[in-house]
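Trainee: how does the following fold in three dimensions:
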Amino acid sequence: MAGFGTRAWFFLRWGVYYNLELMWLQSRAPAETKDGRRAPRSAGGAEMDGRRRQAQLEVYEVTNAYGSICASCGNCCREATDRFSVMDAAVRADTDHPAPSFGTTLLSPVWELWNTLRHTAIRLASLGRPKVAMDKCNVCAHLTPTGCELALEDRPMICATWFCPRLMAAMSPTDLLQISKPMAVIEDIQREAVKDLRGRGD
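Mentor: Residues are numbered from 1 along each chain as shown. Next comes the predicted model:
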């Protein structure tokens, strides 16, 4: 029962609240940083990005043990959408590892709702049928036949902190609690980045 409670808490905290917060944070970023008129840059610089890189490595250190779950599914990598957000671009600006690009589609509530409904319809329509091969023309730009081409610490923050219900159910309560600590660090970094972009950083 304790395990169920931990999973329920993790789902509500990191599966629901956190992702809703990401959409809100992106909506708070100044418009000129989202349409390319001004480059997203955080005041945190290399120190902030160093914390991000370390936190992502700590997340992956735990989730690597469950890699077969993601590898057997692959749905998260089937969207031809830029996973680097305005926050990624801001945190990594002026560092040795800048974000190669960034987009605003992935964290758009309208797109998220449409995409959820689309995937639900596809899954319902394919019940009992063989798994359809991945469409090579409709995948993440960084996906290769052997997996993501980006190093763990160079991947978008959303890739490190996104947990589907299947993965959450497979992870042990101990691992869920352990992973919450570096995820909280990433969450704080994203908040700091948006605060800086809005001109209220220290």
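Trainee: now do the SS call for the closest residue to A93 other than its chain neighbours.
Mentor: Nearest non-adjacent residue to A93, counting by CB to CB, 6 or more residues apart in numbering: R41, 4.2 Å away. Every C-beta, even on glycine, is put in place using the N, C-alpha and C of the backbone. Put simply, R41 is coil when judged by DSSP: H, G, I helix; E, B strand; the rest coil.
Trainee: please renumber so the chain begins at 9
Mentor: Got it, first residue is 9 now, which makes that one R49.
Trainee: how about the contacts made by R49?
Mentor: Residues in contact with R49 (CB atoms under 8 Å, 6 or more residues apart in numbering) are A98, A101, D102, D204, L205.
Trainee: select only the buried ones of the residues you listed in ChimeraX?
Mentor: Command for ChimeraX, covering only those of these found buried under the criterion 16 or more other CB atoms under 10 Å:
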select :98,101,204,205
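Trainee: out of the contacts of R49, list just those in helices.
Mentor: When helices are assigned by DSSP state H, the members of these inside them are A98, D204, L205.
Trainee: give me the secondary structure label for the residue nearest in space to the middle of the chain.
Mentor: By CA atoms, centre = their mean, the chain has its centre lying nearest to I166, at 1.0 Å. Classification of I166 by three-state DSSP places it in helix.
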